[in-house]
Structures are given as C-alpha cells and as structure tokens.
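Enquirer: Could you look at this predicted model? Sequence included:
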Amino acid sequence: MLVTPLMAVTAQADLTIDITRGNERATPIAVVPFGAEQGNLPEDVAQVVADDLERSGYFEPLPRSAMFETPTSSEEVRYGDWRSLDTRYLVVGNVSQQGGQMEIRFELLDVSGEARLIGEMVTSTGGDLRRAAHYISDQIFEEITGIRGAFSTRIAYITSQGLGDSTQYGLYVADADGRNSQQVLNSDEPIMSPAWSPDGNKLAYVSFETERPAIYVQNVTTGQRVKLTDFEGLNSAPTWSPDGRQLAMALSRDGQPEIYVMDVGSQNVRRLTNSSSIETEPAWAPDGQSLIYTSDRSGGPQIYRQSVSGGEAKRLTYTGNYNARGRLSPDGKTLFLIHRGNNGYQVAKQDLDSGRLVEISDAQQAESPSVAPNGTMVIFATQQGNTGVLGAVTADGRAQFRLPAAQGDVREPAWSPFLN
C-alpha cells in the first residue's frame, strides 16, 4: 500500500472562492488598494482583506471600479467622497520593504465619525503576505463586530482522484479561504474523518492503508504520525477533547458501533455507550463534560447527548426523521447538523434552549459540517454537478459560497481551532 506522509507540499491547484448567495444586510466597507513602495508585490494584500471580509457575510466591500480615489493613509482621505458612496468603514494602507522584511501599515476608519479605529504596522516576509493579510482581516473584523476573526485559521479536507483501483486519496491543509493548500498525506487507500487537535498542530484521521480502518494522529508540520487504534471491525470518527488529552471515537470492537473515549497518553479506551443501536459521529461539548453523537435507537438517525462520565443519553433532535453529524457552536448554545428536509440533505442549526431547527444552506446533498472557531460560519461538503466541492454558509444562513477544487472530489472538511 502506498502511504506517504508529506510536509509543506503545495497542491497543484488552489481552491477559489465563488459567492453563491450574498447577505443583503452586509455592512458596506471600502478596502482601498494598498500603496506599494517597491512596485509589484507577490500578493494583493488589500484584495485578500476585502475577500476575507466579504466571505464572512458581515461586509459588502465596495468594488474598486467605484472608488473615486486611492488614499494610502488617513491624512489623504476626503471623508465626504466616501460618504457619498454610502461607505460606512474605510481601510487604507501601504506596503514597503525594509531589508528582508515587508512592512504593512493599515488603518481602519469610521467614515461617518471621521475617526481612526485602528492604526497598526504588521511585518512579514514576501512569501508570507497572505498570512499578514488574514491577520489584518481578523483585526478589522473584531474591531467592528466584537467577534474574534477566524481568517488566520486553517481547514483540512480529503480528496479522491481516479477510478476503481487507481483512485488516489489525499489529506490536505489550507488557509481558511482555501488558498495555500498543502498535501500532508497521500494514499491509494481511503482516508476519512480528519479532526484537528486543540493546539492546531495535529490531525487525527482514519486510514484504510492496512485494508481495514485504523485511527492515526499526524503532526501537520513534521509529518510524524502514530497509529492509535487497530481494533477488529470499525475504527472511525475520531474527535479531540477540548483539552487535547482524549479522543472520542466510534468502535465496533464489541459488536455494534459504540462511542468510546481514549486517553491519548496511555491509549487506554473506555466504552461510553451500550445499546443494540448504531452509535457514531461523536463531538465534544465546549466544556469537555459531555459528548453528542448520532444514534439510530429511535428508528432513524437522531442526535443525542451524554455525559462523559456515563449515565442516560438525552435526545436532542426531533424535527424530521434524519438528523446527523452534529457539531456544537463554541458557546455550546447551538447545534449544527445535517438535516433531511424537503430540499434534500442540508446544513441546519438548532437552538438547544427552544429546540427550533432551521435549514441554513441551499446546497445539493450537504454533508460533514464543521464550525469555525468563532461560530460565525460552517464549512461543509456538497456536490457541484458530479464533483464533490466545499461549501460554506454563515451561521445565520444569510450568505453562502463555494470553494471548488480544480482536481478531484473534495470531502469531509474540518475547521481548525484558533492558531496562536
């Protein structure tokens, strides 16, 4: 079996953003092209920032073709011109090279109040300008919304290319906007269920490289990996506890698939559920005190919650006859899931206090939702024609976009935690 852990291998094709549904209530903002003292730059920093803000669903960037002028500092801004364009916020800046480093100065301005909200300098290498741009987006987003930005985080996903015995599978890591994709594992056997560790340094996943499923943990930087489980039967759906000390997973070592919890240090496992039904797809509550999982004990897939210390399970979903792959918001108040309704399988959210469930996506055959660490967006897998692609939707359902892959089918995305 060909299995190759890879480190920092850039993919042949990056994912590109395709806005499929905009937010009519988005806040108007203008991100002016940054001045560049050294001529052409390897990245258009201002465009990356504008794309980040638009993709959040909270902002509607002004097209560059509509800009009267291109100031690079607050001293050059004529606020009346920007008010006439109904622009509420303005971002200006410039990029200069100092030795081997790039210095990016940016300012966030309140147009109506004619006030500077942020003024900061960010240093970066030429090859790291996108990371600096994502940092700037994070600062702007948090200043205006009060919510920590998640543009500097990453996503992981699985790809498959080819047919039959010639199919190749890859595990990729990319920026949150799908760019800078890197292949961290290549195999001629299926790879499934990537899950980030809380520190953002490792991925747990399922590999069939020994012709039966086993759970591995791999360092995404060094490529070093360890096999954690190789039990008879199913070894699937690993998910990290918030403190990184435990993994929940679905195992069929004792018969039907049940939820187990492993201590990562000792690799000891204990069984959490015990029923004649299929229990799978565990996910931790943010406080680490309980797990949610999918069970068919009621006759069809529904989502249940159970304390990690055991006890009775509580059913959470009652709307419809198919609710699966639950994931909780960072504050633990909202359940995101796949719900089968009149429009097929869609990403939905359920308020855990009221029990009210609403669909938030309009994709074809949505699956595998994963929530951004700030709770504002959900990434998921879907279909575009006969090809698997990545979709994302804001938590309120007002904006949606696709991240189509140029090659292969894309499946099972996982959003990283905040990266410190």
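Expert: Perfect, thanks for sending it. Numbers count the residues shown, from 1 in each chain.

Enquirer: Please make it C-alpha for all contacts and neighbour counts, starting now.
Expert: Fine.

Enquirer: OK, contacts around residue 88?
Expert: For residue 88, the contact set (CA atoms under 8 Å, 6 or more residues apart in numbering) comprises 27-29, 110-112.

Enquirer: Below-threshold pLDDT in the stretch 1-150 of the chain: ranges please.
Expert: 1-3, 6-24, 37-39 (pLDDT under 70).

Enquirer: Show only the entries of the contacts of residue 88 found in strands.
Expert: The members of the contacts of residue 88 that map onto strands under DSSP state E are 27-29, 110.

Enquirer: As CSV, those with neighbour count and distance to residue 278 would be great.
Expert: Supplementary listing: the ones in strands among the contacts of residue 88 in CSV, determined by neighbours: other CA atoms under 10 Å; distance: CA to CA, whole Å:
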residue, neighbour count, distance to residue 278
27, 18, 45
28, 17, 48
29, 26, 49
110, 19, 54
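
Enquirer: So which of those is the closest to residue 330?
Expert: residue 27 (24.1 Å; CA to CA).

Enquirer: The stretch 301-420 of the chain: strands as residue ranges?
Expert: 302-307, 310-315, 323-328, 334-341, 344-351, 357-359, 367-371, 377-384, 387-394, 400-403, 409-415 (DSSP state E, counting those that start in this stretch).

Enquirer: Pull out the CA atoms of stretch 133-140 and give them to me as CSV.
Expert: Extracted C-alpha coordinates of stretch 133-140, given in CSV (Å, rounded to 0.1, in the frame of the first residue of the first chain):
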residue,chain,number,x,y,z
ALA,A,133,-3.4,40.0,5.2
HIS,A,134,-5.5,37.4,7.1
TYR,A,135,-4.2,38.9,10.4
ILE,A,136,-5.3,42.4,9.2
SER,A,137,-8.8,41.0,8.3
ASP,A,138,-9.0,39.5,11.8
GLN,A,139,-8.3,42.8,13.5
ILE,A,140,-10.8,44.7,11.3
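
Enquirer: circling back: closest to residue 172 out of the strands of the stretch 301-420 of the chain?
Expert: Closest to residue 172 of the strands of the stretch 301-420 of the chain, according to CA to CA: strand 409-415, at 9.5 Å.

Enquirer: tell me which residues of the closest one are tucked away?
Expert: Neighbour-count burial for strand 409-415 flags 409-415 (criterion: 16 or more other CA atoms under 10 Å).

Enquirer: How about stretch 306-314?
Expert: 306-308.

Enquirer: Now tell me what touches it from outside.
Expert: If you take CA under 8 Å, 6+ apart as the criterion, stretch 306-314 is touched by 272-273, 288-292, 304-305.

Enquirer: Any chance of a ChimeraX selection covering the buried ones in these?
Expert: If you want just the buried ones from the contacts of stretch 306-314 in ChimeraX, going by 16+ other CA under 10 Å, the selection is:
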select :272,273,288,290,291,292,304,305
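
Enquirer: Which pair of the contacts of stretch 306-314 spans the longest distance?
Expert: 273 and 288, at 16.7 Å, using CA to CA across the contacts of stretch 306-314.

Enquirer: Run a quick neighbour tally on residue 331.
Expert: 12 (other CA atoms under 10 Å).

Enquirer: Kindly provide the distance from the closest residue to it other than its chain neighbours to residue 397.
Expert: Nearest non-adjacent residue to residue 331, counting by CA to CA, 6 or more residues apart in numbering: residue 286, 6.9 Å away. From residue 286 across to residue 397, the span is 22 Å (CA to CA, to the nearest Å).

Enquirer: Can you name the element that comes right after the biggest helix by length in the chain?
Expert: If you go by DSSP state H, the chain has its longest helix at helix 129-145. Downstream of helix 129-145, the next assigned helix or strand under DSSP states H and E is strand 154-161.

Enquirer: For the helix or strand that comes right after that next one, C-alpha coordinates in CSV please.
Expert: Note on strand 154-161: by DSSP H and E, the next helix or strand toward the C-terminus is strand 168-175. Output of strand 168-175 as CSV, limited to C-alpha atoms (Å, rounded to 0.1, in the frame of the first residue of the first chain):
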residue,chain,number,x,y,z
GLN,A,168,-5.6,8.2,-5.1
TYR,A,169,-6.6,9.8,-1.8
GLY,A,170,-5.1,12.9,-0.3
LEU,A,171,-5.3,14.7,3.0
TYR,A,172,-4.9,18.5,2.6
VAL,A,173,-4.5,21.5,4.8
ALA,A,174,-5.2,25.0,3.5
ASP,A,175,-5.9,28.5,4.7
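
Enquirer: what lines up beside strand 168-175 in the sheet?
Expert: If you go by DSSP bridges, strand 168-175 pairs up with strand 154-161 (antiparallel), strand 182-187 (antiparallel).
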